[in-house]
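**Q** Provide a 3D model corresponding to the input given below.
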Amino acid sequence: MRVAYLLPAPGIPVQGPSGASAHVRGIVRAMRASHDVRLYAARGEDHRGRFGVDTPARLSGVPPWPTVLGRWRDQQEVLAARRVADAVMADAWAGWAPEVVIERHTLFSDAGWRIHHRLGVPWVLEVNAPPTVERARYEELRRPSKAEEWERRVLQAAPVVIAVSRWLVRWLKEEVGCRNVVWVPNGVDPVKGDRARGRALLGVSSDEPLIGYVGSRRQWHDIASLARVADAAGARLVLAGQFDVVPGGALAPGHLGPQDLADVIAALDVGMAPYQTDSPAWFCPLKVLGYRAQGTPVVATALGDVPALVEDGGSVVPAGDHDALVTSVCAWMGRRVTPRVRSWRTVAREVLELGLGG
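**A** Numbering: from 1, shown residues only. Here you go, the predicted model:
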C-alpha cells in the first residue's frame, strides 16, 4: 500500500533528538516494513545535528522569513505545510498517488486536509499534543484567536483523529468537538537489550547501582531532582540523550542508536520519569515504554497516562515528592519486572487500519 506520512512542523526535524522526532522515525520505519511509505517533511535536521536511525524523507524546506516580520511568523508555518502538500501532489501527478495520508498534527498546517480533498484519499490526523495550549504555555502564541480557529477547523475536518493519550481523547471530543477520535498509545523499538553490554558501554562494574533517564531536557521534566535522588539512593545517575548540562558524577553517553539504547536501559536498576507539579498531562512518554520493554523497573510521577503505562512495572509518586522518589528507587533496586513491548509495528498497523476503515 502507498502511504504518505506528513511531518510539516518546522520545529520537528526528521533526524532530531526529541521524542517527537523519534516517534516519527519509529512509526515510519515500521510502516516501511510492509508498505511503500514516503515521508514528507519540512526539515531533516537542525543546528543540534543529525540523530537517530537514518530515515529517508522528501524534504520541502522551510521558507525564509524576515525577523522584522516576527509577529507574522505563523505564516511561515503555513507556507511550510503548503510546501509539504505540494510535494505530495507533485508525486501524485507523476504517478505515485498515496492510498492513505497520515499527518502528524501541527499548528497552522492543513496539508493533509488539502491532499484528502484534492485526491479523495483517506486522511488520518495524529495528535500528540494540543499545539495551541502547549505553545501558549511554554512559548509564544501569536494571534491566539486565529490559531485556535485554525486548529479547531482542521481537527474537526479530519475523518479520523488518533490521540496518543486519554487526556487528548477527552480534549479532542469535549473541547474541540471532533467526531471520530481513537486512543492509540506510542510504541517502542522491539530491540532486546543486554545488561552486560550496556554496563560495558557505560564503563561501570556489574554491581554498581544505576538509575537513569532517557530523553532530552524540556520545561516540564524534573531533571533537577535526579542527581539528588541518585545521591540519596546511593546510586549513579545515567542521562541518555541530548543534554546541555550534566550534573557532576553523572554518566552521559549521548544520543544512542536502538541497540545501544536498549543495552543501556537494560543496564539500569531503575528508569526514571519525573515531572514537575505543573507539567502537562497529555503525553505518552516514550521513555516509560522503553523502560518497560527491557524489564527495567520504573519510578515516575503520577501524571496523565503514566500510571497506566507503568502498571505493575514500577511505582508512581506525587509530583514534587522527593522523599517518595527516593523511597521507591530504593525499593526497586536489585529487582526486575516482566518486559512489556508495544512495538511501533503494532502502532503502525492500528493507525493504518483506522485510516482505511475511516
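**Q** Could you list the low-confidence segments of the protein?
**A** Applying pLDDT under 70 to the chain flags residues 65-71, 218-221, 358.
**Q** Let me see the ranges of the helices in it.
**A** Along the chain, the segments classed as helices by DSSP state H run 19-32, 74-93, 111-119, 131-138, 144-157, 166-170, 195-202, 224-233, 258-267, 286-293, 306-310, 322-332, 344-357.
**Q** and of these, who's closest to V299?
**A** Closest to V299 of the helices of the chain is helix 322-332 (Cβ to Cβ; 4.5 Å). Any C-beta I mention is one placed from the backbone N, CA and C, and that applies to glycine too.
**Q** same for the closest one, what does it pack against?
**A** The contact analysis (3 or more Cβ pairs under 8 Å, 6 or more residues apart in numbering; DSSP states H and E) places helix 322-332 against helix 224-233, strand 270-273, strand 298-301, strand 314-317.
**Q** hey, which of those is tucked in deepest?
**A** Neighbour counts (mean count of other Cβ atoms under 10 Å) averaged over each of the helices and strands packed on helix 322-332 peak at strand 270-273, with a mean of 28.
**Q** Strand partners (parallel or antiparallel) of that one?
**A** Its sheet considered, strand 270-273 pairs with strand 210-216 (parallel), strand 298-301 (parallel) by DSSP bridges.
**Q** Now render the helices and strands packed on helix 322-332 as TSV, adding distance to V84.
**A** Below are the helices and strands packed on helix 322-332 laid out as TSV (distance: least, Cβ to Cβ, whole Å):
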stretch	distance to V84
helix 224-233	37
strand 270-273	32
strand 298-301	35
strand 314-317	38
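**Q** Tell me which of the ones you listed lies nearest to P307.
**A** strand 314-317 (4.8 Å).
**Q** What lies in contact with the closest one?
**A** 270-271, 291, 297-302, 306-307, 310, 324-325, 328, 331-332, 337 (Cβ atoms under 8 Å, 6 or more residues apart in numbering).
**Q** What of stretch 75-93?
**A** By Cβ under 8 Å, 6+ apart, stretch 75-93 touches 4, 6-10, 38, 40-42, 58, 60-63, 65, 97-98, 101, 106-112, 114-115, 118-119.
**Q** and with 7 Å instead?
**A** 4, 6, 8, 10, 38, 40, 42, 58, 60-63, 65, 98, 106-111, 114-115, 118-119 (Cβ atoms under 7 Å, 6 or more residues apart in numbering).
**Q** buried stuff in that stretch?
**A** For stretch 75-93, the buried set under the neighbour-count rule, 16 or more other Cβ atoms under 10 Å, comprises 76-85, 87-89, 91-92.
**Q** Nearest to W282 among these?
**A** Using Cβ to Cβ, the buried residues of stretch 75-93 come closest to W282 at E77, 20.4 Å.
**Q** And the closest one, how far from L141?
**A** Using Cβ to Cβ, to the nearest Å, E77 is found at 12 Å from L141.
**Q** thinking again about what came up before, between the buried residues of stretch 75-93, which sits nearest A235?
**A** E77 (43.0 Å).
**Q** Could you dump the strands paired with strand 270-273 into TSV with distance to G49 added?
**A** Output for these, formatted as TSV (distance: least, Cβ to Cβ, whole Å):
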stretch	distance to G49
strand 210-216	13
strand 298-301	29
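**Q** Of those, give the one that comes closest to S165.
**A** Nearest of the strands paired with strand 270-273 (Cβ to Cβ): strand 298-301, 14.2 Å.
**Q** G212 is nearest to which of the helices of the chain?
**A** Between G212 and these, the tightest spacing by Cβ to Cβ is seen for helix 258-267, at 7.1 Å.
**Q** Please identify the buried residues of the closest one?
**A** By neighbour count with 16+ other Cβ under 10 Å, helix 258-267 contains the buried residues 258, 260-267.
**Q** quick one, it and helix 195-202 angle?
**A** 100 degrees (axes from the mean of the first three to the mean of the last three Cα atoms, to 10 degrees).
**Q** angle of helix 258-267 against helix 19-32?
**A** Angle between the axes of helix 258-267 and helix 19-32 is 120 degrees (criterion: the same axes, to 10 degrees).
**Q** same for helix 258-267, what does it pack against?
**A** On a contact count with 3 or more Cβ pairs under 7 Å, 6 or more residues apart in numbering; DSSP states H and E, helix 258-267 meets helix 195-202, strand 236-242.
**Q** Identify the residues contacting it?
**A** Counting by Cβ under 7 Å, 6+ apart, 53, 189, 191-195, 197-199, 201-202, 210, 214, 238, 240, 253, 256, 271, 290-291, 294, 296 sit against helix 258-267.
**Q** Ok, stretch 148-167 next?
**A** Stretch 148-167 has contacts (Cβ under 7 Å, 6+ apart) with 107-108, 110, 113, 122-128, 131-132, 169, 172, 176-178, 180-186, 281-284, 304-305, 351, 354-355, 358.
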